[in-house]
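J.: can you look at this prediction? I've put the sequence above it.
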2 protein chains.
Amino acid sequence: MPLPQTETPGRLQAELMSRGLRMTRQRRTILSVVETAKQHLDASQILRRARKIDSHIDRVTVYRTLNLLKRQGLVDELDLMHMQGEKHYYERRPQRDHIHMACLRCGKITEFESDLFDRLKGQIQRDCRFSIVVSRLEVGGYCAQCRTTDQ
Amino acid sequence: MPLPQTETPGRLQAELMSRGLRMTRQRRTILSVVETAKQHLDASQILRRARKIDSHIDRVTVYRTLNLLKRQGLVDELDLMHMQGEKHYYERRPQRDHIHMACLRCGKITEFESDLFDRLKGQIQRDCRFSIVVSRLEVGGYCAQCRTTDQ
DNA sequence: GTACAATTGCAACTGACTTTCATATTGCCG
DNA sequence: CGGCAATATGAAAGTCAGTTGCAATTGTAC
């Protein structure tokens, strides 16, 4: 479940500022939470962590900041097959897209990069003359452990 | 009131009955709506159409029936990149999975089947030893028209 | 036909997210 | 350094999709 976090800290902040967006205390806090997350977090988890750093952050500000990051293409929104309710999860947009696999039994989320996935997206762009902005491949099923374990 | 498609029960109805599930008036109606849909419908659209056939169907019954169909693997739930709010869309599960492309400008949804997609899923099952139950590849971007048209 | 578990409808509830609007803050200008 | 317009924030209320509890009804097996 650990994410490949090969990013420099403060990168999100630098990116936002270079685009002429205002850097507030709250945004800095939320950005640092998103940036240092070792797993996929939903909005309320991000809020909780942000409040540990700065207790006066509102829920609304978290939602607004996540929307901003989404619009800027700096984070991706995931559904993770709606395993727990309808919440969304967020992760920094990686250099290379990956697939999310959600185990329907243990709930584990696994990521997988694949050359075939990259080629498939290339095919879509070419054959459908469709210019891809964002893509999401989520798979639900049973992980190696769960499909070989009883009960 | 007798229902329209009683003489030739649709595949969904036959499938549910063969699995020993009860066939109620309401389910028959909802099934026929899902079965004859020419586009992706959300729960409230399904309700509205079901009520045209049988005005006494409750919203809750639609949700419960859709959940049943999902659990039985007879319909797939789509997000279509959350183009309009957080609603979900439904479609009968096809023989062969396809990709959904959502144009971020005109909102058009296009479907695309691809051998590469099938191979990618095979790779996931093999390389990750992950047994796929359901998969969803959604792509947001710009369709051929929208990316070549001004404004 | 009867029994009885499954299904339905209603109303109230939940949870995630958004809007409104008055107040506060930021980044820029001189 | 202020001044200040544009932007962001927080609190409360609102929206929207979907769910739950429960009494009444219905489908199916006998």
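T.: Sure, I can see it. Residues are numbered from 1 along each chain as shown, chains lettered A, B, ... in the order given.
J.: OK, contacts around A:Gly107?
T.: A:83-84 (Cβ atoms under 8 Å, 6 or more residues apart in numbering or on different chains). Where you see a C-beta, it was placed from the backbone N, CA and C, and this is true even at glycine.
J.: go again using 7 Å as the cut-off
T.: A:Met83 (Cβ atoms under 7 Å, 6 or more residues apart in numbering or on different chains).
J.: who in chain A is up against chain B?
T.: A:79, A:86, A:99, A:101, A:104, A:110, A:112, A:114, A:116-117, A:119-120, A:123-124, A:128-144, A:147 (Cβ under 7 Å from any Cβ of the partner chain).
J.: where along chain A do the helices fall?
T.: A:11-18, A:25-36, A:43-53, A:59-71, A:115-127, A:144-148 (DSSP state H).
J.: which one of these lies nearest to B:Gln39?
T.: Closest of the helices of chain A to B:Gln39 is helix A:115-127, at 20.6 Å (criterion: Cβ to Cβ).
J.: residues in contact with that closest one?
T.: Under Cβ under 7 Å, 6+ apart, the answer for helix A:115-127 is A:97, A:99, A:130-132, A:135, A:137, B:99, B:101, B:112, B:114, B:116-117, B:119-120, B:123, B:139.
J.: show me those that map onto strands.
T.: In strands, judged by DSSP state E, the following of the contacts of helix A:115-127 are found: A:99, A:131-132, A:135, A:137, B:99, B:101, B:112, B:139.
J.: make JSON lines out of those and add neighbour count.
T.: Formatted as JSON lines, the ones in strands among the contacts of helix A:115-127 follow (neighbours: other Cβ atoms under 10 Å in any protein chain shown):
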{"residue": "A:Ile99", "neighbour count": "24"}
{"residue": "A:Ser131", "neighbour count": "17"}
{"residue": "A:Ile132", "neighbour count": "16"}
{"residue": "A:Ser135", "neighbour count": "20"}
{"residue": "A:Leu137", "neighbour count": "24"}
{"residue": "B:Ile99", "neighbour count": "24"}
{"residue": "B:Met101", "neighbour count": "24"}
{"residue": "B:Phe112", "neighbour count": "17"}
{"residue": "B:Val139", "neighbour count": "25"}
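J.: export those residues to JSON lines and tack on pLDDT and distance to B:Leu31?
T.: JSON lines is the format used below for the ones in strands among the contacts of helix A:115-127 (pLDDT from 0 to 100; distance: Cβ to Cβ, whole Å):
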{"residue": "A:Ile99", "pLDDT": "98", "distance to B:Leu31": "32"}
{"residue": "A:Ser131", "pLDDT": "97", "distance to B:Leu31": "38"}
{"residue": "A:Ile132", "pLDDT": "97", "distance to B:Leu31": "35"}
{"residue": "A:Ser135", "pLDDT": "97", "distance to B:Leu31": "32"}
{"residue": "A:Leu137", "pLDDT": "98", "distance to B:Leu31": "29"}
{"residue": "B:Ile99", "pLDDT": "98", "distance to B:Leu31": "26"}
{"residue": "B:Met101", "pLDDT": "98", "distance to B:Leu31": "28"}
{"residue": "B:Phe112", "pLDDT": "98", "distance to B:Leu31": "27"}
{"residue": "B:Val139", "pLDDT": "98", "distance to B:Leu31": "30"}
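J.: quick one: buried ones out of the residues of chain A next to chain B?
T.: Buried by 16 or more other Cβ atoms under 10 Å in any protein chain shown: A:79, A:99, A:101, A:110, A:112, A:114, A:116-117, A:120, A:123-124, A:128, A:130-132, A:134-143, out of these.
J.: got the CA positions of stretch A:13-33 in PDB?
T.: C-alpha atoms of stretch A:13-33 as PDB (Å, rounded to 0.1, in the frame of the first residue of the first chain):
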ATOM      1  CA  GLN A  13       3.200  24.900  -3.200                       C
ATOM      2  CA  ALA A  14       5.900  26.000  -5.700                       C
ATOM      3  CA  GLU A  15       3.700  24.900  -8.600                       C
ATOM      4  CA  LEU A  16       0.700  26.800  -7.300                       C
ATOM      5  CA  MET A  17       2.700  30.000  -6.700                       C
ATOM      6  CA  SER A  18       4.300  29.800 -10.100                       C
ATOM      7  CA  ARG A  19       0.800  29.800 -11.600                       C
ATOM      8  CA  GLY A  20       0.100  33.100  -9.800                       C
ATOM      9  CA  LEU A  21      -2.200  31.500  -7.100                       C
ATOM     10  CA  ARG A  22      -2.300  32.900  -3.600                       C
ATOM     11  CA  MET A  23      -0.500  31.000  -0.900                       C
ATOM     12  CA  THR A  24      -2.400  31.200   2.300                       C
ATOM     13  CA  ARG A  25      -1.600  29.600   5.700                       C
ATOM     14  CA  GLN A  26      -4.400  27.100   5.200                       C
ATOM     15  CA  ARG A  27      -3.400  26.100   1.700                       C
ATOM     16  CA  ARG A  28       0.200  25.600   2.800                       C
ATOM     17  CA  THR A  29      -1.100  23.200   5.500                       C
ATOM     18  CA  ILE A  30      -3.400  21.300   3.300                       C
ATOM     19  CA  LEU A  31      -0.700  21.000   0.600                       C
ATOM     20  CA  SER A  32       1.700  19.600   3.000                       C
ATOM     21  CA  VAL A  33      -0.800  17.000   4.100                       C
END
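J.: alright, that wraps it up for me.
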